[in-house]
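In: Got a predicted structure here, sequence first:
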Amino acid sequence: MTQHRHATITGTGSYLPDRVVTNFDLEEMVDTSDEWIRQRTGIVERRIADDDVATSDLCVHAARWAIKNANIDPLDIELILVATVTPDTFFPSTACYVQKGIGAKNAAAMDLSAACAGFLYGLDLADGMIKSGRYNTVLVVGGEVFNNIVDWSDRSTCVLFGDGAGAAVVQATDEPKGILASYIGSDGDYSDNDLLGIPAGGSRMPITKGVIDQKLDKLKMNGREVFKLGVRLMPEAAQRVLSEADVSVEEIDLLIPHQANLRIIEAVGDRLGVPREKVYINVDKYGNTSAATVIIALDEAIREGRAKPGDLLLFVTFGAGLTWGSTLLRL
Ligand code: ACO
């Protein structure tokens, strides 16, 4: 292993579908209100992909921006990791469709399933692959089209999610920057689909007419339990990378938490002791885009000048599985 080899993000990109669905639009579909959604979640609107748009379509747009911003040739990419729970198809992988879309002929490509924690799982793997000397350039993408897996008649879930994608080019550097610490974890004891998941459509319960009639092919969630777990697990994960890197919370320039719910984001920031002005929030505009939230947020933060070269960024996510992760990054 090369001694001073680090993995750093050299370019980011994101892509959101044009179609905006507001809370008022949802009032027309289910028994809900703009006031309830804002108060309980902080969400004002979300983007929803058109019916003929798949996850890889969003990922390709995001990846092209990341490649342009990193100033690399797609042929430089050696590995493509796409984090998603809404793949275009079971197989081929969404990553292979993305590879085709961006012309990254020299890459190996695969999907990664870790729900909302997926992007940080991808970043952790890219970090390990680069530090080991195996690869120099990895493309990590988080993308989702939740539109098709959401039960649009279930007010307790349909108001929460949105579609979108983000991408990062991760490259080797000898400079003392990039990923300073990374941690990912899971607890399969929480894999019960009623907590958070889709019961049917896989090998356990194939799609049948009965499954469709009972909507078992759609997302189920016990929101209250997931809320409590998120508020506990995200600060724990973040504390772990801070202590591993021997960095105090005061040194953090920007906290980029998973964008699921404003109340969860604020609770995580408060528990960590990060002041509100250092917490990045865009859940109001996009809802929960699952594996895409933190990388869409980073790309926006860079474009807005809220994340600048040299800044210390702390990411933290959690999702179905349960899965969670945290990354400390010097941009
Ligand atoms: N509009 C109006 N009323 C609603 C709605 C709605 N959209 N949804 C639920 N309600 C009602 C409920 O029926 C309930 O009514 P009742 O008291 O008559 O029974 C009442 O509002 C309160 O419901 P709760 O579920 O207790 O509301 P809570 O304050 O917990 O908020 C929410 C629900 C927003 C889902 C919250 O629990 C949450 O955000 N949980 C975490 C979700 C999350 O982070 N998911 C992503 C995980 S990441 C991944 O891997 C996908």
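Out: Right, received. Where do you want to start? Note that the structure is a prediction, hence the values are computed from the model and not measured.

In: Looking at this protein, which helix is longest?
Out: Using DSSP state H to define each element, the chain has its longest helix at helix 223-245.

In: now what about that one, what contacts it?
Out: 156-157, 180-183, 185, 190, 195-196, 248-249, 255, 257-258, 260-261, 263-264, 267-268, 271-272, 314, 316-318, 322, 324-328 (CB atoms under 8 Å, 6 or more residues apart in numbering). Bear in mind the C-beta positions are built from the backbone N, C-alpha and C, glycine included.

In: count of neighbours near Val98?
Out: Residues lying near Val98 (other CB atoms under 10 Å) number 31.

In: ok, it to the ligand distance?
Out: Relative to the ligand, Val98 is positioned 21 Å away (CB to the nearest ligand atom, to the nearest Å).

In: these two touch, right, that residue and Cys59?
Out: Yes - if you go by CB atoms under 8 Å, Val98 and Cys59 touch, sitting 4.9 Å apart.

In: Which neighbours do those two have in common?
Out: Listed as contacting both Val98 and Cys59 by CB under 8 Å, 6+ apart are Val82, Val141.

In: now check the longest helix of the chain, is it near the ligand?
Out: Yes - under the criterion of CB under 6 Å from any ligand atom, the ligand is reached by helix 223-245 at Gly223, Arg224, Val226, Phe227, Gly230.

In: Could you do stretch 44-58 as well?
Out: No - with CB under 6 Å from any ligand atom as the criterion, the ligand is not reached by stretch 44-58; the gap is at least 12.8 Å.

In: Which pLDDT value does the model give the residue nearest to the spatial centre of the chain?
Out: In the chain, the residue lying closest to the centroid (CA atoms, centre = their mean) is Ala291, at 2.6 Å. We have a pLDDT of 98 for Ala291.

In: Touching, it and Val85? I think so.
Out: Yes - between Ala291 and Val85 there is a contact at 6.8 Å, judged by CB under 8 Å.

In: any residues in contact with both of those two?
Out: Counting by CB under 8 Å, 6+ apart, the residues touching both Ala291 and Val85 are Ala115, Gly118, Glu144.

In: With the ligand as the reference, measure out to the second one.
Out: If I follow you right, that is Gly118. Per CB to the nearest ligand atom, Gly118 is found 9 Å from the ligand.

In: Across the sheet, point out what pairs with the spatially closest residue to that residue that is not a sequence neighbour.
Out: In space, Gly118 comes closest to Ala83 once its chain neighbours are excluded; the distance is 2.8 Å by CB to CB, 6 or more residues apart in numbering. According to DSSP bridges, the partner residues bridging Ala83 are Leu112, Gly142.

In: and whatever helix or strand comes next after the longest helix of the chain, anywhere near the ligand?
Out: Note on helix 223-245: by DSSP states H and E, the next helix or strand toward the C-terminus is strand 254-257. No - for a cut-off given as CB under 6 Å from any ligand atom, strand 254-257 has no contacts with the ligand; the smallest distance is 10.9 Å.

In: Good, wrapping up.
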